[in-house]
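>>> Following is a predicted model, sequence given first.
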Amino acid sequence: MDIKIDDLTGSEVIALIGEHLQNMAALSPPESTHALNLDKLKKPEITFWSGWEQDELAGCGAIKELNSQHGEIKSMRTSSSHLRKGVARRILEHIIEEAKRRGYQRLSLETGSMDAFEPARQLYESFGFQYCKPFSDYIEDPNSVFMTKEL
């Protein structure tokens, strides 16, 4: 898979982010939906990657710099035609490698607490992420779980 920094202007990426936002809105109430739209993903503190297999978009992921030592994983999504092919695992590996290269001491994330998010939680656990209290601007929420990993 070719993983590259993306400017979020391609139609495939725009469609995948739209699908991601719709899915998150369907699974979580508005106050518990923390997925970022295209404009928010284009902020300077966020780096967004797309993963490609030949000319097909396989998935995406992003990292938000919270400070010089702490990053947050955002917008992890696998294209529906590439599910269960290891796409999310490869993008997560890439994000962790980049976080280490940047000198981050910690990576954290928020994901849903509902059954639909169980595969995501299992993926993060397999990489050594542990459950934690809310970080940054997050607050306790029964629809969210928070995870972190020391690098």
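Right, received. Where do you want to start?

>>> Tell me which residues are up against the helix or strand of the chain with the lowest mean pLDDT.
None of the helices or strands of the chain scores lower by mean pLDDT, DSSP states H and E than helix 11-27, at a mean of 94. Helix 11-27 is contacted by residues 6, 8, 33-35, 37-38, 41, 50, 57, 59-60, 75, 77, 79-80, 112, 114, 116-117 when judged by Cβ atoms under 8 Å, 6 or more residues apart in numbering. Using the backbone N, CA and C atoms, a C-beta is placed for each residue, glycine as well.

>>> Buried residues, that helix. List them.
13, 16-17, 20-21, 24 (16 or more other Cβ atoms under 10 Å).

>>> quick revisit: show the buried residues in the contacts of helix 11-27.
Buried among these by 16+ other Cβ under 10 Å: 6, 8, 34-35, 41, 50, 57, 59-60, 75, 77, 79, 112, 117.

>>> Point out the ones among those that are inside helices.
If you go by DSSP state H, these have residue 41 in helices.

>>> Dump the buried ones among the contacts of helix 11-27 to TSV, plus pLDDT.
Shown next, in TSV, are these (pLDDT from 0 to 100):
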residue	pLDDT
6	98
8	97
34	93
35	93
41	97
50	98
57	98
59	97
60	98
75	95
77	96
79	95
112	95
117	95
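
>>> With distance to residue 104 as extra columns, can I get the buried ones among the contacts of helix 11-27 in a markdown table?
As requested, these are exported to a markdown table (distance: Cβ to Cβ, whole Å):
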| residue | distance to residue 104 |
| --- | --- |
| 6 | 21 |
| 8 | 22 |
| 34 | 20 |
| 35 | 22 |
| 41 | 19 |
| 50 | 21 |
| 57 | 27 |
| 59 | 22 |
| 60 | 20 |
| 75 | 17 |
| 77 | 22 |
| 79 | 27 |
| 112 | 24 |
| 117 | 24 |
